[in-house]
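Chemist: fold the following.
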Amino acid sequence: MKQKYTDLELDGLKEVMNIGGGNAATSISQMVNSKIDMKVPSVEILSYSELYDRIISDDVEVHAILSRIVGDFEGALLFVLSDDAADKLAGLMMGMDDVTGVEREVKASAVSELTNIVANSFLRAIGSMLNIQLVASLPDVSYDYFGAVISSAYMAFDQYDEQVMVIRNEFLYMDDKLDASLFLIPEVGMLDKMFKSLGI
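Modeler: Sure, this is the predicted structure:
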């Protein structure tokens, strides 16, 4: 992927993601009765080595939840969490302060349910802004090295370039950054359609 996008296009994309992220954070906050915020996302085009250097190392094991985007645009939302963040979010979902003794499958189910809410809230806000219909498929949950998660996710959408567009939101809970990021993985042509809808 060459740097073919203008600053105006990247800023527009960032604003769309910010609105989607704010909507998703509100949905989670209401569900768990605790304030969750999302940091203004970064929209960057990075090489894989920069991605692993700046975001998560490729050899770190993460919880990954992939939701395909179905509708007028296609792609995927990838939610990536550390063990600690997964435990915190699962605890919030289950109303427990400590989930140490809870089986991984139970925690994964709680996080998957939360991700489904995040993804659909996110897409509803974006769809409303762009006047299109977008929904997320049921999430696919895995636990693997971040490098394996990213490469398989991007290849599934024909993103074989040496550089990837990273569109990311970060979660904040009680003023602490949760080690969790939400990535948008666009199918080829999705971003051009989005810019056309935005009029840029």
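Chemist: in the protein, which spans are helices?
Modeler: 7-32, 48-54, 83-94, 104-130, 146-155, 190-198 (DSSP state H).
Chemist: so for N169, which of these sits nearest?
Modeler: Ranking these by their distance to N169 (criterion: CB to CB) puts helix 7-32 first, at 4.1 Å. Glycine gets a C-beta too; all of them are placed from N, C-alpha and C.
Chemist: now do the buried residues in that closest one.
Modeler: Under the neighbour-count criterion of 16 or more other CB atoms under 10 Å, helix 7-32 has 9-10, 12-14, 16-18, 20-28, 31-32 buried.
Chemist: one step back: using CSV, lay out the helices of the chain together with mean pLDDT.
Modeler: What follows is those, written out as CSV (pLDDT from 0 to 100):
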stretch, mean pLDDT
helix 7-32, 86
helix 48-54, 88
helix 83-94, 86
helix 104-130, 87
helix 146-155, 90
helix 190-198, 84
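Chemist: dump those helices to a markdown table, plus distance to K177.
Modeler: As requested, the helices of the chain are arranged in a markdown table below (distance: least, CB to CB, whole Å):
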| stretch | distance to K177 |
| --- | --- |
| helix 7-32 | 13 |
| helix 48-54 | 14 |
| helix 83-94 | 9 |
| helix 104-130 | 16 |
| helix 146-155 | 17 |
| helix 190-198 | 27 |
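Chemist: mind checking which of the ones you listed is nearest G75?
Modeler: Going by CB to CB, the one of those nearest G75 is helix 190-198, 5.0 Å.
Chemist: now what about that closest one, what contacts it?
Modeler: Helix 190-198 has contacts (CB atoms under 8 Å, 6 or more residues apart in numbering) with 5, 9, 12-13, 16, 72-75, 130-132, 165, 186.
Chemist: between that helix and helix 7-32, how many degrees?
Modeler: Between helix 190-198 and helix 7-32, the angle comes out at 90 degrees (axes from the mean of the first three to the mean of the last three CA atoms, to 10 degrees).
Chemist: just the C-alphas of helix 190-198, formatted as CSV.
Modeler: C-alpha atoms of helix 190-198 as CSV (Å, rounded to 0.1, in the frame of the first residue of the first chain):
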residue,chain,number,x,y,z
MET,A,190,-13.6,0.1,0.9
LEU,A,191,-11.7,3.3,1.8
ASP,A,192,-12.3,4.9,-1.6
LYS,A,193,-16.0,4.3,-1.1
MET,A,194,-15.8,5.8,2.3
PHE,A,195,-14.1,8.9,1.1
LYS,A,196,-16.7,9.3,-1.7
SER,A,197,-19.4,9.1,0.9
LEU,A,198,-17.6,11.8,2.9
